[in-house]
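1. Could you look at this predicted model? Sequence included:
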Amino acid sequence: MQIGKIYNVAFTAGRYEIEYERSVKCIKKTPLSYRIERMDGTTRLIGHDCIIELKEIVETTSLGAASVE
């Protein structure tokens, strides 16, 4: 993850749980985790080793829509 970019993230939250966060922005990177910010302004920590799938969302300014890479 890079600071300031927007992502869709799937990650493990426990032994048998998988959680998803859509359209979150990475606001801080630490040696063991990322601090992400949701669209409503709340934040959460996600561990580096917990991330299963990571997709960057790239906004296209000509159409005003977002696409996933």
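-> Sure, I can see it.
2. going forward, measure contacts between C-alpha atoms and count neighbours the same way
-> OK.
3. Who does the lengthiest strand in the chain pair with, and is each partner parallel or antiparallel?
-> Counting residues, the longest strand found in the chain (DSSP state E) is strand 18-29. Using DSSP bridges, strand 18-29 pairs in its sheet with strand 6-12 (antiparallel), strand 33-37 (antiparallel).
4. buried ones in it?
-> By neighbour count, and taking 16 or more other CA atoms under 10 Å as the criterion, the buried residues in strand 18-29 are 23-27, 29.
5. Ok, stretch 46-53 next?
-> Of all the residues in stretch 46-53, those buried under the rule 16+ other CA under 10 Å are 46-47, 51.
6. That stretch: end-to-end distance?
-> Looking at stretch 46-53, the gap from its leading to its trailing residue is 12 Å under the measure CA to CA, to the nearest Å.
7. State the mean pLDDT of it.
-> Per-residue confidence for stretch 46-53 averages out to 93 on the pLDDT scale.
8. Could you do stretch 58-68 as well?
-> Taken as a whole, stretch 58-68 has an average pLDDT of 62.
9. now, which of the buried residues of stretch 46-53 lie within strands?
-> If you go by DSSP E, the buried residues of stretch 46-53 have 46-47, 51 in strands.
10. Helix, strand, or coil at Asp49?
-> The three-state label given to Asp49 by DSSP: H, G, I helix; E, B strand; the rest coil is helix.
11. how close does it sit to Ser23?
-> Relative to Ser23, and taking CA to CA, Asp49 is found at 20 Å.
12. Serialize the buried residues of stretch 46-53 to TSV and add fields for distance to Met39.
-> Below are the buried residues of stretch 46-53 laid out as TSV (distance: CA to CA, whole Å):
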residue	distance to Met39
Ile46	16
Gly47	20
Ile51	20
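13. This completes my enquiry, with thanks.
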